[in-house]
Each structure stands twice: as C-alpha cells, then as structure tokens.
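Asker: okay, predicted coordinates and the sequence, questions at the end:
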Amino acid sequence: MTAELFLNIGLQFAYEKITSMRDEVLAEWRYSNCGLFLYVNVYVGNYGPAENDLRNTIFRRELPLALEAIVYGDQKYFKVNPPLMNAPIWIQFDSADPTYNRFEYWGTARDYRL
C-alpha cells in the first residue's frame, strides 16, 4: 500500500515486522552440495486464483528491486566475501496453489549490483 521498501539485515529474521499482508521477501544464505546460495522466500499465498495471480505478478515485478536493495544493503558483507557475488539466487514462490508454488533460479548477486 505504501510502496515503501524496508531492509532488515541480521542473524535472524525480524519476524515482528512481518505483517498480515505477507509481502515480505525473506532471504538467507544456505549450503547445498554445490556450495552457498542465496535462498529467497516470498509468500504468494493461498488467497484464491485472482489474488494469487495478482500477488505473483507483483512479486515478479518487484523482486529485482528487492534483490538490488539486499545487495546494496549488504555491500560490506559482499566486499569481505567477494565470491558470494557469484553465488546463485534461488527464489521459492510459496503457495498452496501448484501454479504459483515454484522454485526458480534468478541469477547471482552480481546481476543486481547498482
């Protein structure tokens, strides 16, 4: 509603900031057998076909900006850990509707540098 973007960086998610709108983009570093990757979760939801479609469209449109904000906000971390600029970003679109419940590759942090 406000079109404001807020970024919290820390060792834990700021769960107290999560609202009933559930429009947060939650990201964390995870390990796989291929190395570190940035795991991002967005809650498309289970609101019905029309609302799920709208939320999916909005997330897909706004995710590049959110990823730019994460890379910019954590630039000191990336400076100390330069290989992470090439780590893959995987997005979990979380929904009870299988149409929108997807796990997708979205490039690397380098792709979202300002």
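Answerer: The structure has been received and is ready for your questions. Keep in mind the model is a prediction, meaning the values are calculated, not measured. Numbers count the residues shown, from 1 in each chain.
Asker: going forward, measure contacts between C-alpha atoms and count neighbours the same way
Answerer: Noted.
Asker: helices of this protein, start to end?
Answerer: All helices of the chain, identified by DSSP state H, fall at 49-73, 75-80.
Asker: elements contacting the first one?
Answerer: The criterion is 3 or more C-alpha pairs under 8 Å, 6 or more residues apart in numbering; DSSP states H and E, and the helices and strands that helix 49-73 contacts are strand 35-45.
Asker: partners of the strand it packs on in the sheet?
Answerer: As defined by DSSP bridges, the strand partners of strand 35-45 come to strand 25-32 (antiparallel), strand 88-95 (parallel).
Asker: could you export these to CSV, including columns for mean neighbour count?
Answerer: Shown next, in CSV, are the strands paired with strand 35-45 (neighbours: other C-alpha atoms under 10 Å):
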stretch, mean neighbour count
strand 25-32, 14
strand 88-95, 20
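Asker: now those in TSV, with distance to Gln12 and mean pLDDT?
Answerer: TSV is the format used below for the strands paired with strand 35-45 (distance: least, C-alpha to C-alpha, whole Å; pLDDT from 0 to 100):
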stretch	distance to Gln12	mean pLDDT
strand 25-32	9	93
strand 88-95	18	96
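Asker: spatially central residue in the protein, please.
Answerer: Centroid-nearest residue in the chain, with C-alpha atoms, centre = their mean: Val40, separated by 3.7 Å.
Asker: is it true that it touches Arg30?
Answerer: No: assessed by C-alpha atoms under 8 Å, Val40 is found out of contact with Arg30, at 9.9 Å.
Asker: shaky segments in this protein?
Answerer: 1-3, 19-22 (pLDDT under 70).
Asker: if I look at Glu68, how far off is Pro98?
Answerer: Using C-alpha to C-alpha, to the nearest Å, one gets 28 Å for the distance from Glu68 to Pro98.
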